[in-house]
Each structure stands twice: as structure tokens, then as C-alpha cells.
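Enquirer: With the input below, show me the fold.
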Amino acid sequence: MIRRKDLADISDADYDKRRDEFMQCQDCGEEFGGTQGDYFMMPMNECISCPGLGCGSENIALVKEVCQNVIIKQ
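Expert: Predicted structure coming up:
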């Protein structure tokens, strides 16, 4: 379960490292915002649920897309 307090905030010291984080529902695959500012009306300890149509799951992961170069021939 992801709570608002788990999300990056623009005032955090490590915000530059966490800038591209977002949330993904592990049940339906919906991807949505991952900063505290996206949920500023929500209490800090409230669990975030999937906004996907009819889903509402709390099985949410905080994720970051990572790209890497792979040598295929040298």
C-alpha cells in the first residue's frame, strides 16, 4: 500500500533523484501521478487507490522507468 507520505515532494532534499517516479496499479496496469502535490487534498496517511475505471485497487507500486544501453556487438 502506498500512502501520500511515501510520495516525493518538491521540497524533499532528494527530489531531483525521485523526480520521474509515478504509480502503477499492479492489478489493471493504470499509471498515474506520483508526487505529493498530485494529492494535496488527501491526508498524509491515507492509502492511495487506483483511479482506473471500476478498479479502485490498493495494490499500487511506486515505480520509475529506467532506460539502459546494452552492447549487442563490440
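Enquirer: who's in contact with stretch 10-28?
Expert: 2, 7-9, 30-35, 37, 48, 50, 52, 55, 57, 59-65 (CB atoms under 8 Å, 6 or more residues apart in numbering). No exception for glycine: its C-beta is placed from N, CA and C like everyone else's.
Enquirer: now stretch 56-74, how far from the chain's geometric center?
Expert: When C-alpha coordinates are averaged (CA atoms, centre = their mean, to the nearest Å), stretch 56-74 and its chain have centres 12 Å apart.
Enquirer: which is the next helix or strand following the one helix or strand in the chain whose mean pLDDT sits lowest?
Expert: Ranking every helix and strand in the chain by mean pLDDT, DSSP states H and E puts helix 15-18 at the bottom, with a mean of 82. For helix 15-18, the following helix or strand on the C-terminal side (DSSP states H and E) is strand 22-25.
Enquirer: after that following strand comes which helix or strand?
Expert: strand 31-32.
Enquirer: Quick check: buried residues in the following helix or strand past that next one?
Expert: Using DSSP H and E, the next helix or strand after strand 31-32 towards the C-terminus is strand 60-63. Under the neighbour-count criterion of 16 or more other CB atoms under 10 Å, strand 60-63 has Ile60 buried.
Enquirer: I would like the residues contacting strand 60-63, please.
Expert: 1-2, 6-7, 21-26, 34, 48-50.
Enquirer: follow-up on the earlier one: list buried residues within the contacts of stretch 10-28.
Expert: In terms of neighbour count (16+ other CB under 10 Å), the buried residues within those are 2, 7-8, 30, 34-35, 48, 50, 60.
Enquirer: I'd like those laid out as TSV, including distance to Lys73 and pLDDT.
Expert: Shown next, in TSV, are those (distance: CB to CB, whole Å; pLDDT from 0 to 100):
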residue	distance to Lys73	pLDDT
Ile2	41	93
Leu7	41	90
Ala8	38	87
Glu30	38	94
Gly34	37	88
Thr35	40	88
Ile48	44	93
Cys50	42	95
Ile60	40	95
